[in-house]
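Visitor: Structure of the sequence below:
(chains A, B, C and D)
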Number of protein chains: 2
Amino acid sequence: MSKRQKNLSVSAEALRKAEALCEINGLKLTKLRKQVLKLIWRKPGYVKAYDLLDELKKIDPSAKPPTIYRTLDFLIENGLIHKLQSLNAFIGCHHPHEHNECYFLICDSCQKIEECCSKKINNVVASTSKNNNFIPNKVTFEIAGTCQNCLN
Amino acid sequence: MSKRQKNLSVSAEALRKAEALCEINGLKLTKLRKQVLKLIWRKPGYVKAYDLLDELKKIDPSAKPPTIYRTLDFLIENGLIHKLQSLNAFIGCHHPHEHNECYFLICDSCQKIEECCSKKINNVVASTSKNNNFIPNKVTFEIAGTCQNCLN
DNA sequence: ACAAATATGTTATAATATAACATTAATATT
DNA sequence: AATATTAATGTTATATTATAACATATTTGT
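Guide: Model prediction:
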């Protein structure tokens, strides 16, 4: 399977998951939201908001910054995508609603992102919070560095 | 000791540490850099770049965005302050150069920041990276939520 | 004293994001 | 079905965050 084919199937799978989840949860995955989600998945790595806006404009020339940012907000709130805080960028979530704590390995060299979800990390977040009498709400955990592929 | 006094002494201590470290490492803590570092420590929580710029302008009316951003870059590179990626904000480091991995508990309610450094977290970063054949460079770990004080 | 490197000054603009209000579409209520 | 309510989208304007590019000054090394 070619890279492009693989990406297409990942994207299609993500879209199906998103539709199913919105159905179940009574969320409206409108035409606009679906288009944006599709655009996000179309790129192999992460996407920047204004790049997304440029893509969207090709479909809907009247699109403007609030169009994108509102849609991103919806997708983030409902766990369909994540914001990478250290990059001001966005990326599709591979397992929406399974849980809400995701961690990222960001390759500085090839821009690829690895989404990691580990019990160990969750435990550390929980224990760190507990030790400080802190009630966690949103966790940002991003490790930038070099991926295996780029080391060679 | 009053809150203000405490803050003053924390700030003074931080400044002394910064001076000592720059001395040792052959870094130039110029007048501008020291002023900015002082302004950062003067606030109890975190600071935004343009707020800092406004403060700096009171001392030096010719200050402009690059003045602040360049100075922040120097301070970050040399471990004297941290950038909070999820807030686009800056905060002084309590233990510059002791190590470079710091984690933050950010109270959404009172804006106070707790700087946490834990072996456990370092271990998780190391093991997560290793499991993914990833060489970590910069870690962003920020937990937003509610602090003990704000729960009551 | 001179060259090179570093730091700062200055202008302009890029990149990221939101406020505020208008309109349209979907849903619920009578 | 008509109406009210809520949710989504459209639109204009502007706020916020950050950097590029080039000029000048200061410090450091030779």
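Visitor: For chain A, which residues are neighbours of chain B?
Guide: Applying CB under 8 Å from any CB of the partner chain, one finds that chain A approaches chain B through A:85-86, A:103, A:105, A:107-108, A:114, A:116, A:118, A:120-121, A:124-125, A:127-129, A:132-148, A:151. Glycine gets a C-beta too; all of them are placed from N, C-alpha and C.
Visitor: mind running it again at 7 Å?
Guide: A:85-86, A:105, A:108, A:114, A:116, A:118, A:120-121, A:124-125, A:127-129, A:132-148, A:151 (CB under 7 Å from any CB of the partner chain).
Visitor: and the gap between residue A:85 and residue B:19?
Guide: 32 Å (CB to CB, to the nearest Å).
Visitor: Which one's more surrounded, the two?
Guide: Set residue A:85 next to residue B:19 and count neighbours by other CB atoms under 10 Å in any protein chain shown: residue A:85 wins out with 19 against 14.
Visitor: doesn't residue A:96 make contact with residue A:79?
Guide: Yes. Applying CB atoms under 7 Å, one finds residue A:79 in contact with residue A:96, separated by 4.7 Å.
Visitor: quick one: buried residues of the longest strand seen in chain A?
Guide: Secondary structure of chain A read by DSSP state E shows that its longest strand is strand A:135-146. Buried residues in strand A:135-146, counted by 16 or more other CB atoms under 10 Å in any protein chain shown: A:135, A:136, A:139, A:140, A:141, A:142, A:143, A:144, A:145, A:146.
Visitor: and it, anywhere near DNA strand C?
Guide: No. Judged by CB under 7 Å from any atom of the strand, strand A:135-146 and DNA strand C are separated, with a smallest distance of 12.5 Å.
Visitor: which residue ranges form the strands in chain A?
Guide: For chain A, the strands defined by DSSP E cover A:81-84, A:89-92, A:103-107, A:113-116, A:135-146.
Visitor: can you give me the angle the last one makes with strand B:135-146?
Guide: Okay, so that is strand A:135-146. 170 degrees (axes from the mean of the first three to the mean of the last three CA atoms, to 10 degrees).
Visitor: helices or strands up against strand A:135-146?
Guide: In terms of contacts (3 or more CB pairs under 7 Å, 6 or more residues apart in numbering or on different chains; DSSP states H and E), strand A:135-146 is packed against strand A:103-107, helix A:119-131, helix B:119-131, strand B:135-146.
Visitor: same thing with the second one?
Guide: Packed against strand A:89-92, as judged by 3+ CB pairs under 7 Å, 6+ apart, are the following elements: helix A:31-42, strand A:81-84.
Visitor: Could you name the helices and strands sitting against the first one?
Guide: Packing partners of helix A:31-42 (3+ CB pairs under 7 Å, 6+ apart): helix A:3-25, helix A:49-59, helix A:65-77, strand A:89-92.
Visitor: Could you identify which of these is most buried?
Guide: Comparing the helices and strands packed on helix A:31-42 by mean neighbour count (mean count of other CB atoms under 10 Å in any protein chain shown), strand A:89-92 ranks first with a mean of 22.
Visitor: Pipe the helices and strands packed on helix A:31-42 into TSV and attach distance to DNA strand D and mean pLDDT per row.
Guide: Shown next, in TSV, are the helices and strands packed on helix A:31-42 (distance: least, CB to the nearest atom of the strand, whole Å; pLDDT from 0 to 100):
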stretch	distance to DNA strand D	mean pLDDT
helix A:3-25	10	85
helix A:49-59	9	98
helix A:65-77	3	98
strand A:89-92	13	97
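Visitor: need the ones you listed in a markdown table with distance to DNA strand C, can you?
Guide: Shown next, in a markdown table, are these (distance: least, CB to the nearest atom of the strand, whole Å):
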| stretch | distance to DNA strand C |
| --- | --- |
| helix A:3-25 | 11 |
| helix A:49-59 | 4 |
| helix A:65-77 | 4 |
| strand A:89-92 | 7 |
